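# requesting a structural model of the entry that follows:
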Amino acid sequence: MRFLITLLCFVLPLAASAAIPPPPAVAANAWLLIDHRTGQTLVSHNADERIEPASLTKLMTAYLSFQAVKAGTIALDDEVQVSEKAWRMTGSRMFIEPNRPVTVEQLLHGMIIQSGNDACVALAERVAGSEEAFVHMMNREAERLGMTNTSFANSHGLPDPKLYTTANDLALLASALIRDFPEFYRLYSMREYTYNDITQPNRNRLLWLDSTVDGMKTGYTRAAGYCLVSSATRGPRRLVSIVLGAESEGTRAQESLKLLNYGFQFFDTRRLYQAEQEVSTFRVWKGKTDEVPVGFTEDFVMSMPKGQVDRIEARLESKQPVLAPISRGQEVGTLTLVAEGEEIGRFPVVALTDIEQAGFFKRFWDALVLWIKSL
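Down below sits the predicted model:
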């Protein structure tokens, strides 16, 4: 037996709800735009296609390095002795030297702002003892974050057959980095960095083109093309854009900005229910009380096209019979959101309080009532 409750149904005239424009054409092999707070995809193309990440690999190297600093296993002022392997790295470098100790903090700047491959190897060796052990950590962390189509083979992103990812997985990683390490994320907005008397600019052109952009990372190899993970905050909203396989530095910046502008202009992010807000109550059987308040333990936030939020029909369905004992946070029903006749999502609702099991006679009576109702 299931009970259906219509919570709200706001329907505005169709004239007030014109469809938003289609997403812009993006000159890239794959792309994705997500809302950071909700994790929802706003627009995408080939988001699950495996690609070579190039220097976007450094997002995971940074994530694990930040994690090590936060855990206290390394410190920002630790001096790192540069190995010959790190010193001999090809590609983009910060120009560290074996006879010149460098701090963890300097290496982080060199990796993030200057995209130094040498800095990546030095950090990997400092965190895990060797780059090989660090790569194992990278793949383990990718699995924990839900990056199911990703494999890391090194700390820097130079080509390797075992190195691949997707736009969706990169979005998970970028959003996790912003969420988990806000104290370090500011490094991604720095426009240049000087080490060893060599000043190098950040390769993310969006830092100069749009003041709302504060990160994140560029990448390039011949196979990968020009790639950019970018993020911007306007008002209370943060969006994350992934553009992979563009034809030039300028193109990856312009196409990323095109996606960000589209997301901010034509989508809204709205809190539909507060954390701990009683959305409704469900009938409880065999419990000391006959009802349990239900809702969400965290704010329930949705991203959707502008104008659609106020036309949502929300339907709450309980998993009847709801039997005691019930623990706070236990899933007891489903919230289905419908807009203009189309289902846009199903979300679990939970009990907001504990309900203890009743005594023998109450349990017996409720069991009898349930049996009769089932006839």
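
# can you map out the strands along the stretch 1-150 of the chain?
Here the stretch 1-150 of the chain has its strands, by DSSP state E, counting those that start in this stretch, at 4-9, 30-35, 41-45, 79-80, 102-103.

# rank those by pLDDT, which is bottom?
Looking at the strands of the stretch 1-150 of the chain, the lowest mean pLDDT belongs to strand 4-9 (a mean of 34).

# which residues of the stretch 151-300 of the chain fall in helices?
167-180, 182-185, 206-209, 249-266 (DSSP state H, counting those that start in this stretch).

# now swap in the stretch 1-150 of the chain and tell me
Using DSSP H, counting those that start in this stretch, the helices of the stretch 1-150 of the chain run over residues 58-71, 84-87, 104-112, 117-128, 131-144.

# between the helices of the stretch 151-300 of the chain, which one is closest to Val369.
helix 167-180 (47.0 Å; C-beta to C-beta). Glycine gets a C-beta too; all of them are placed from N, C-alpha and C.

# and the angle for the closest one with helix 131-144?
Counting by axes from the mean of the first three to the mean of the last three C-alpha atoms, to 10 degrees, helix 167-180 lies at 90 degrees to helix 131-144.

# what mean pLDDT does helix 167-180 get?
Confidence for helix 167-180, expressed as mean pLDDT, is 98.

# so where do the strands sit in the stretch 151-300 of the chain?
Counting by DSSP E, counting those that start in this stretch, the strands of the stretch 151-300 of the chain are 192-195, 198-201, 213-221, 225-234, 237-246, 267-273, 280-285, 291-295, 300-305.

# which one of these is the most hemmed in?
Mean neighbour counts were compared across the strands of the stretch 151-300 of the chain using mean count of other C-beta atoms under 10 Å; the top stretch is strand 237-246, at a mean of 25.

# packing partners for that strand?
Other elements packing on strand 237-246 under the criterion 3 or more C-beta pairs under 8 Å, 6 or more residues apart in numbering; DSSP states H and E are strand 30-35, helix 167-180, strand 225-234, helix 249-266.

# how far is that strand from where the chain is centred?
Here strand 237-246 shows a centroid-to-chain-centroid distance of 12 Å under the convention C-alpha atoms, centre = their mean, to the nearest Å.

# show me the contact partners of it.
In this structure, residues lying in contact with strand 237-246 by C-beta atoms under 8 Å, 6 or more residues apart in numbering are 26-37, 42, 47, 51, 167, 170-171, 174-175, 178, 216, 224-232, 252, 255-256, 259-260, 263-264, 269.

# find the nearest non-adjacent residue to Tyr195, please.
Met94 (5.2 Å; C-beta to C-beta, 6 or more residues apart in numbering).

# confidence score at the one you found?
For Met94, the pLDDT comes out at 97.

# count of neighbours near the nearest residue to Pro23 once chain neighbours are set aside?
Nearest residue to Pro23 in three dimensions, chain neighbours excluded: Val43, at 4.1 Å (C-beta to C-beta, 6+ apart). Look at Val43: counted by other C-beta atoms under 10 Å, it has 19 neighbours.

# what's the answer for the one 10 residues further on, then?
A count of neighbours around Pro53, defined by other C-beta under 10 Å, yields 28.

# which stretches of the stretch 1-150 of the chain have low pLDDT?
Scanning the stretch 1-150 of the chain for pLDDT under 70 picks out 1-18.

# what of the stretch 251-375 of the chain?
Within the stretch 251-375 of the chain, no range satisfies pLDDT under 70.
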